[in-house]
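> Have a look at this prediction, sequence included:
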Amino acid sequence: MLRDLFNFIIFSSLFVACCAILMIWQTNELLHVGNINEPYYFFVFCSTICSYNFHWYLTPADYSTSERIMWGARHKTLQLVLCALGGLGAVYGFWLLREHWLPLSGAAFLTFLYSAPKLPQRAFVWLRKIAVGKTLFLTAVWIYVTTLLPVFIEKQPYSTTMVFLTLHRFFLVYAICILFDYRDLESDKKEGIRSLITILSAPNLRKLYITSLVLATLFAFALYPADSLLLTVILLAPVAITALLTRYAISNRSDHFYYFVLDGMVMLSSLLHFIIAALS
């Protein structure tokens, strides 16, 4: 029963939706966003549930023995229901935030681009040939939604802290996405979806991965003058853990490891930050 519950939380994308909410909370804390619109949390949570279930509903089970994909194949109706409920919630959240329709539309467009290559219509099949699309679209939408949109909505002034936080998160999430792409190499090739992992040589891919982690580290340190040393340590925690887990991630195909541990790395610093703030 506990395993079924855990699988539901992870594979229904409830977990990753909570990750997004925690990252937005940390953005508001670090950038001193005043009274962020509460409907935005609701909008992001529902949008994440909708977009991820839509993506996994479109993912065929023919090319993989992945536990998550097989779970989705057994629960197609549930995925459609979650997608529909999330979509309705997202539309309602969009209406509440309608004065910010332009930046919100940008988020919706980026999210759609990530799943569009899986659609069978000819108008979208060509997206499978975009070499860097899969990785960059996913990274871009995560950073845009969790780091930039809260600032845009509350019309916060530009700051170097915002830039450094955005770049730190971008390169951390990008490095994690590279590990996911490496794991999905064979299924992506069979589906005809191209990404950096399918065209770069192993040495060049390793250089890109290491460079991303190094840049995530440097931009975390760059935030130190703007905040405390403890915060810098918190931001560095997921970078260090991801680096330590690299060899295991490359040799392991466990969906629970990828969708709980590695996905959890994107919000680890936010979770630690929240716990420290709650205890203070």
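Now that the structure is in, tell me what you want to look at. Numbers count the residues shown, from 1 in each chain.

> rest of the way, CA atoms for contacts and neighbours
OK.

> Poorly predicted segments of the stretch 151-280 of the chain, please.
185-198, 226-227 (pLDDT under 70).

> switch to 80 and redo it
Applying pLDDT under 80 to the stretch 151-280 of the chain flags the ranges 155-157, 183-202, 225-227, 280.

> Who are the packing partners of the helix or strand Val91 falls within?
Assessed by DSSP states H and E, Val91 sits inside helix 76-96. Packed against helix 76-96, as judged by 3 or more Cα pairs under 8 Å, 6 or more residues apart in numbering; DSSP states H and E, are the following elements: helix 38-58.

> rerun that using 10 Å as the cut-off
helix 38-58, helix 67-74, helix 101-115 (3 or more Cα pairs under 10 Å, 6 or more residues apart in numbering; DSSP states H and E).

> which parts of it are buried?
By neighbour count with 16 or more other Cα atoms under 10 Å, helix 76-96 contains the buried residues 79-80, 82-94, 96.

> repeat for stretch 162-181
For stretch 162-181, a neighbour-count test (16+ other Cα under 10 Å) marks 162, 164-181 as buried.

> How far off centre is it?
Remark: stretch 162-181 is offset 9 Å from the chain centroid, using Cα atoms, centre = their mean, to the nearest Å.

> returning to what we had before: just the buried residues of stretch 162-181: which are in helices?
Within the buried residues of stretch 162-181, residues falling in helices by DSSP state H are 162, 164-181.

> Okay, helices next: where are they in the stretch 151-280 of the chain?
Assigned by DSSP state H, counting those that start in this stretch, the helices in the stretch 151-280 of the chain fall at 160-183, 185-191, 196-199, 202-222, 229-244, 246-251, 255-256, 263-279.

> pretty sure Arg206 is touching Leu200, no?
Yes - between Arg206 and Leu200 there is a contact under Cα atoms under 10 Å: 9.4 Å.

> tell me the contacts of the residue nearest to the spatial centre of the chain?
In the chain, the residue lying closest to the centroid (Cα atoms, centre = their mean) is Trp142, at 4.6 Å. Contacts for Trp142 (Cα atoms under 10 Å, 6 or more residues apart in numbering) come out as 20, 23, 48, 107, 110-111, 136, 148, 169-170, 173-174, 266.
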